[in-house]
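Chemist: give me coordinates for this.
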Amino acid sequence: MNQTVPLLDGVHAVVTGGASGIGAAIVRKMSEAGASVAAWDVKPPEASTFSGLDRAVEFVEADITDPQSVSAALEATESLIGPVHSLINNAGVTRDRLVRDMSFDEWDTVLNVNLKGAFVTTKIVTPGMVERKSGTIVNISSLGGKVGTVGQANYCASKAGLVGLTKSTAKEFARFGIRVNAIQPGLIDTPMTAALRPDIYDKKLQEVPLRRAGRPDEIGDGCVFLASNMSSYITGVVLEIGGGRNI
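Modeler: Numbering: from 1, shown residues only. Presented below is the predicted three-dimensional model:
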């Protein structure tokens with residue numbers, strides 16, 4: 001009887017913002033697909049977050065806006081799981097406010113975490129990938145970065161910036177066998193969307209042709225695909241996982 005080899009068998013992966021929310025779902029999906037995963041975050045996960053998995057998930061404390069913290073996290077990760085083959089830049093924050101009311105600090109905080117953070121991790125993790133002539137990077141953007149959202153100018157600007165970062169680095173690193181892609185999630189069931197006013201949530205749901213919100217694990221499935229050899233001829237692509245929203 002033939003046994004199917006997991007898609008990410010032998011892959012060592014890092015997921016930033018991996019201790020909770022969509023990041024934790026990505027970690028679980030990649031682990032279930034055979035990867036050894038390190039979840040980078042500023043706070044550790046709840047004890048039950050990664051229960052039931054066949055392999056342990058390593059937590060590594062990291063402030064992705066700080067190059068020294070990221071360098072230390074990479075060193076710790078390599079000692080725990082080995083050289084990093086796949087980087088998922090998922091970490092993100094929001095500071096929602098209309099532009100006229102938004103403080104400079106609220107703008108800077110979101111751009112620093114969501115966009116600068118992805119640049120920092122990419123810059124520090126890729127030298128090893130370049131040396132090995134292989135690797136994958138997936139940047140978690142947002143459909144907000146495509147169409148904009150009232151009250152989220154900082155967030156949408158950062159997520160649009162991730163698309164530009166994705167396409168530029170895909171061209172830069174292609175000759176080293178490194179593929180860089182992005183995912184733009186749409187309306188996903190998370191604590192953030194659960195906190196929306198019911199009328200606002202319903203309005204957003206009506207924009208989704210599939211008539212349901214997505215699940216965090218469906219974003220994880222996209223990451224597994226883009227980190228695996230099933231996408232070996234795909235780079236510089238922005239994959240929308242949004243149930244057809246805003247097509």
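Chemist: can you pull out the helices in this structure?
Modeler: With helices called from DSSP state H, the chain shows them at 21-32, 67-80, 104-111, 117-132, 144-147, 153-173, 191-194, 198-206, 216-227.
Chemist: which other helices and strands contact the third one?
Modeler: The contact analysis (3 or more CB pairs under 8 Å, 6 or more residues apart in numbering; DSSP states H and E) places helix 104-111 against helix 153-173. From N, CA and C alone the C-beta is placed, and that goes for glycine too.
Chemist: coming back round to it: in TSV, list the helices of the chain along with mean neighbour count, mean pLDDT and distance to Ser51.
Modeler: Below are the helices of the chain laid out as TSV (neighbours: other CB atoms under 10 Å; pLDDT from 0 to 100; distance: least, CB to CB, whole Å):
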stretch	mean neighbour count	mean pLDDT	distance to Ser51
helix 21-32	25	97	10
helix 67-80	16	98	19
helix 104-111	15	98	32
helix 117-132	19	98	27
helix 144-147	19	92	32
helix 153-173	20	98	31
helix 191-194	11	79	19
helix 198-206	11	87	29
helix 216-227	22	98	15
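Chemist: which among those helices is found nearest to Val57?
Modeler: With distances scored as CB to CB, the stretch of these nearest to Val57 is helix 21-32 (5.7 Å).
Chemist: on that earlier part again, now the helices of the chain in a markdown table, with distance to Gly242?
Modeler: Putting those into a markdown table (distance: least, CB to CB, whole Å) gives the following:
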| stretch | distance to Gly242 |
| --- | --- |
| helix 21-32 | 13 |
| helix 67-80 | 30 |
| helix 104-111 | 21 |
| helix 117-132 | 20 |
| helix 144-147 | 9 |
| helix 153-173 | 13 |
| helix 191-194 | 13 |
| helix 198-206 | 11 |
| helix 216-227 | 10 |
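Chemist: quick one: which of those is nearest Val42?
Modeler: Closest among the helices of the chain, using CB to CB: helix 67-80, at 9.1 Å.
Chemist: for that closest one, give me every contacting residue.
Modeler: With contact meaning CB atoms under 8 Å, 6 or more residues apart in numbering, helix 67-80 is reached by 12, 14, 38, 40, 58, 60-64, 84, 120-121, 123-125, 128.
Chemist: nice, that's everything, thank you.
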